[in-house]
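[1] Mind folding the following:
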Amino acid sequence: MKLFKGKVEKIIDKKTIKASIVSQKKHRLYHKKYPDTKKYLVNNPENINLEIGEIINFKACKPVSKLKKWEIEKNK
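    Coordinates of the predicted model:
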C-alpha cells in the first residue's frame, strides 16, 4: 500500500482536496538537485476540517472518480 505525506494546496469541495508532495530529484547530466512537485486529488469521506498548508497523510484506495484514487488516512 502506498502511503504519502503531503501539504494541502486547495480545498476543492467538501470531500475533495488537492495535496502536493515535494521531492528532490537529481539531474542526470549535471547532478544538480532540484525540487519536483506532484499533485494529487484526495478523497475526504469523513469531511475532516482541514486548512490550506496543513500536513496530511494519505493512502491509495479504490478509485472514487477518474482522478481521485487517494484517501486521507485516519490519525490514531
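
[2] Strands of this structure, residue ranges please.
    3-13, 16-26, 33-43, 55-60, 68-72 (DSSP state E).

[3] right, so of those, which gets closest to Asn49?
    Among the strands of the chain, the nearest to Asn49 by CB to CB is strand 3-13 (9.8 Å). C-betas here are computed from N, CA, C, even on glycine.

[4] Which residues does that closest one contact?
    The contact list for strand 3-13 (CB atoms under 8 Å, 6 or more residues apart in numbering) reads 17-22, 39-41, 50-59, 70, 73.

[5] Which residue is the nearest non-sequential neighbour of the residue nearest the centre of the chain?
    For the chain, the residue sitting closest to the mean C-alpha position, by CA atoms, centre = their mean, is Ala19 at 3.5 Å. In space, and not counting its chain neighbours, Ala19 is closest to Gly6: 4.0 Å by CB to CB, 6 or more residues apart in numbering.
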